[in-house]
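Colleague: Okay, predicted coordinates and the sequence, questions at the end:
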Amino acid sequence: HLTTSLPLSSEGDHLRPRIDMIVFMIDIKNKYSLKNVEASLAHVDASYFLGKVCFLVTGVGRVNYCSIDTSAISKLGEIYCSPVLFCELELEGIRVATAQRLLRMLEICAGHIPGVSALSFGTLMRSSADN
């Protein structure tokens, strides 16, 4: 399910499926994209930041057109203890690899991978980023 901003409308709450993972998409070429994500973060329950949120940054292949400093996005990932994935959606190979990575993360967040929880996965992501 997709939305352009949070909070979600309360209309249809009883029909909405469980939310296993939230992916905030940030278009590095659009400064309002980051502002929208920052405003939406206030509407996310703190428990989701325990391995169930990630930031997907698109447009990174066009450095000349960047409106957002990547360090600001990386800092956002640090503040919310959530992984940051950088990708270029215009390149099919990278788009496919990113989709596969997101699907694997979703499987973990939804509890479909025995022995791996969203919380332990988040810890592993942070540990590998620190090395």
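Modeller: That came in fine, so what should we check first? Residues are numbered from 1 along each chain as shown.
Colleague: what about the helices in this structure?
Modeller: Using DSSP state H, the helices found in the chain span residues 31-41, 70-79, 92-109, 118-130.
Colleague: Would you mark the buried spots in the shortest one?
Modeller: For helix 70-79, the neighbour count (16 or more other Cβ atoms under 10 Å) marks 73, 76-77 as buried. Where you see a C-beta, it was placed from the backbone N, CA and C, and this is true even at glycine.
Colleague: how about a markdown table for those residues, with pLDDT and distance to Glu92 added?
Modeller: Listed next are the buried residues of helix 70-79 as a markdown table, based on pLDDT from 0 to 100; distance: Cβ to Cβ, whole Å:
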| residue | pLDDT | distance to Glu92 |
| --- | --- | --- |
| Ile73 | 90 | 24 |
| Leu76 | 91 | 28 |
| Gly77 | 90 | 26 |
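Colleague: Out of those residues, which is nearest to Gly111?
Modeller: Gly77 (23.1 Å; Cβ to Cβ).
Colleague: picking that back up, would you turn the helices of the chain into JSON lines with distance to Glu11?
Modeller: Below are the helices of the chain laid out as JSON lines (distance: least, Cβ to Cβ, whole Å):
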{"stretch": "helix 31-41", "distance to Glu11": "18"}
{"stretch": "helix 70-79", "distance to Glu11": "29"}
{"stretch": "helix 92-109", "distance to Glu11": "25"}
{"stretch": "helix 118-130", "distance to Glu11": "28"}
